[in-house]
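Student: next one to model:
(one chain, ligands or ions: 1)
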Amino acid sequence: LREALAAHHGVAPEQVFCGNGSNEVLQCLLSAYGGPRRKALVFEPTYALHSHIARLTGTTVVDAERDAAHAVDLAEAARVIEQEHPDLVFLCSPNNPTGNADPLGTVAALLERSPGLLVVDEAYGQFAPSSAIELLSQSPDLVVVRTFSKTWSMAALRLGYFLAHPEVVEACERVALPYHLDALKQAAGLIALRYEAEMNDRVRRLVEQRGRVEAALGALEVEVWPSDANFICFRPRTHSAAEVWTGLLERSVLVRNISGFPRLAGCLRVTIGTVEENDRFLEALREVLDAPTAA
Ligand SMILES: Cc1ncc(COP(=O)(O)O)c(C=O)c1O
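Tutor: Numbers count the residues shown, from 1 in each chain. Just a heads-up that it's a prediction; the model follows:
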């Protein structure tokens, strides 16, 4: 599987580390490079498991603000890096749950400033216009995390991996349990890679639909953030997130209420589906927003 993934991404097999889902891969990175008296920096709001797994491994979590567009603010990042000297910096790009990808210039700037590892979580990487994989040869401190859970639609298989310098792979092999990746999972991963064209086709269709849903949301009473992932973050202007979430649920449409995330008060996240599912979501949302608010 390592060799197949290396060929898939154009890197050496020694640069690939596989795990039981990218969460386990993140856990291995934090076991190897985090721990007591070490620090991990995250850019909030972001994927909650980065800080959660960091804390589980005894790593101190520090955070930096994103700007109003949810992009990493490089001046703020430099300030926090200078002050905290984090051993690991986590960048989720495209970011879950806001959807935006940070440009490669941001990744390069963070690499230059970070004293330790820069972990770029690209769980939704195939939906974005560029990938930090392009920068791998420039630095031994860059780690790019990928998963079979999203674009490959294989979340239940629990298969994820990272690409990095061989030294980072070796460090993670030292903390992983022996034979932690079973043979059946590896066989399934190998089979999946044969269907890359189908996967790319699915991504193309979802990106097309994302554009349509984004445009339709733009005509409604909601604030919308442009997305590079397969979901869109939006904030209803006239109703609370809870009201809209419940109204959608009553119409059999389930979105994620992300208003509890730091800095995302009042926000919801909708995942892009089929044409029919997206139509149903938009129709239900129009109805809910047209109804008088309870507040
Ligand atoms: C940004 C991000 N990274 C990693 C994961 C973990 O995925 P898995 O452990 O299934 O590979 C998720 C899942 O939601 C995610 O959103």
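Student: can you name the next helix or strand after whichever helix in the chain runs longest?
Tutor: In the chain, assigned by DSSP state H, the helix with the most residues is helix 196-218. Sequence-wise, the next helix or strand downstream of helix 196-218 (DSSP states H and E) is strand 222-224.
Student: just give me how far that following strand sits from the chain centre.
Tutor: 21 Å (C-alpha atoms, centre = their mean, to the nearest Å).
Student: repeat that for stretch 157-169.
Tutor: The answer for stretch 157-169 is 16 Å, by C-alpha atoms, centre = their mean.
Student: quick revisit: list the buried residues in the longest helix of the chain.
Tutor: Across helix 196-218, burial judged by 16 or more other C-beta atoms under 10 Å covers 199, 202-203, 206-207, 209-210, 213-214, 216-217. Bear in mind the C-beta positions are built from the backbone N, C-alpha and C, glycine included.
Student: try stretch 49-58
Tutor: Neighbour-count burial for stretch 49-58 [16+ other C-beta under 10 Å]: 49-51, 53-54, 57.
Student: stretch 273-288 too?
Tutor: 273, 278, 280-282, 284-285, 288.
Student: same question for stretch 132-146.
Tutor: Neighbour count says stretch 132-146 has 132-133, 135-136, 139, 141-146 buried, by 16+ other C-beta under 10 Å.
Student: of these, which is the nearest to the ligand?
Tutor: Checking those against the ligand with C-beta to the nearest ligand atom, the nearest one is residue 145 at 6.8 Å.
Student: I figured that closest one hits residue 172, correct?
Tutor: No: contact between residue 145 and residue 172 fails when scored by C-beta atoms under 8 Å: they sit 11.3 Å apart.
Student: returning to what we had before: looking at the buried residues of stretch 132-146, which is nearest residue 224?
Tutor: The closest of those to residue 224 turns out to be residue 132 (C-beta to C-beta; 25.6 Å).
Student: contacts only, for that closest one.
Tutor: 93, 104, 107, 120, 122, 142, 144 (C-beta atoms under 8 Å, 6 or more residues apart in numbering).
Student: which residues do residue 145 and residue 172 both contact?
Tutor: 25, 162.
Student: where along this protein do the helices fall?
Tutor: 2-9, 22-33, 48-56, 74-84, 104-113, 166-175, 183-193, 196-218, 241-250, 275-290.
Student: stretch 260-277 near the ligand at all?
Tutor: No: if you take C-beta under 6 Å from any ligand atom as the test, stretch 260-277 misses the ligand, and the best it gets is 10.9 Å.
Student: want to throw the helices of the chain into JSON lines with distance to residue 265 and mean pLDDT?
Tutor: Shown next, in JSON lines, are the helices of the chain (distance: least, C-beta to C-beta, whole Å; pLDDT from 0 to 100):
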{"stretch": "helix 2-9", "distance to residue 265": "38", "mean pLDDT": "97"}
{"stretch": "helix 22-33", "distance to residue 265": "27", "mean pLDDT": "98"}
{"stretch": "helix 48-56", "distance to residue 265": "16", "mean pLDDT": "98"}
{"stretch": "helix 74-84", "distance to residue 265": "20", "mean pLDDT": "97"}
{"stretch": "helix 104-113", "distance to residue 265": "25", "mean pLDDT": "97"}
{"stretch": "helix 166-175", "distance to residue 265": "37", "mean pLDDT": "98"}
{"stretch": "helix 183-193", "distance to residue 265": "38", "mean pLDDT": "96"}
{"stretch": "helix 196-218", "distance to residue 265": "18", "mean pLDDT": "97"}
{"stretch": "helix 241-250", "distance to residue 265": "8", "mean pLDDT": "98"}
{"stretch": "helix 275-290", "distance to residue 265": "18", "mean pLDDT": "97"}
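Student: any chance of JSON lines for these, columns distance to residue 152?
Tutor: Shown next, in JSON lines, are the helices of the chain (distance: least, C-beta to C-beta, whole Å):
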{"stretch": "helix 2-9", "distance to residue 152": "11"}
{"stretch": "helix 22-33", "distance to residue 152": "12"}
{"stretch": "helix 48-56", "distance to residue 152": "19"}
{"stretch": "helix 74-84", "distance to residue 152": "31"}
{"stretch": "helix 104-113", "distance to residue 152": "23"}
{"stretch": "helix 166-175", "distance to residue 152": "22"}
{"stretch": "helix 183-193", "distance to residue 152": "5"}
{"stretch": "helix 196-218", "distance to residue 152": "6"}
{"stretch": "helix 241-250", "distance to residue 152": "28"}
{"stretch": "helix 275-290", "distance to residue 152": "20"}
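Student: surely residue 80 meets residue 41?
Tutor: Yes: counting by C-beta under 8 Å, residue 80 touches residue 41, with 6.3 Å between them.
Student: right, I'll call it a day here.
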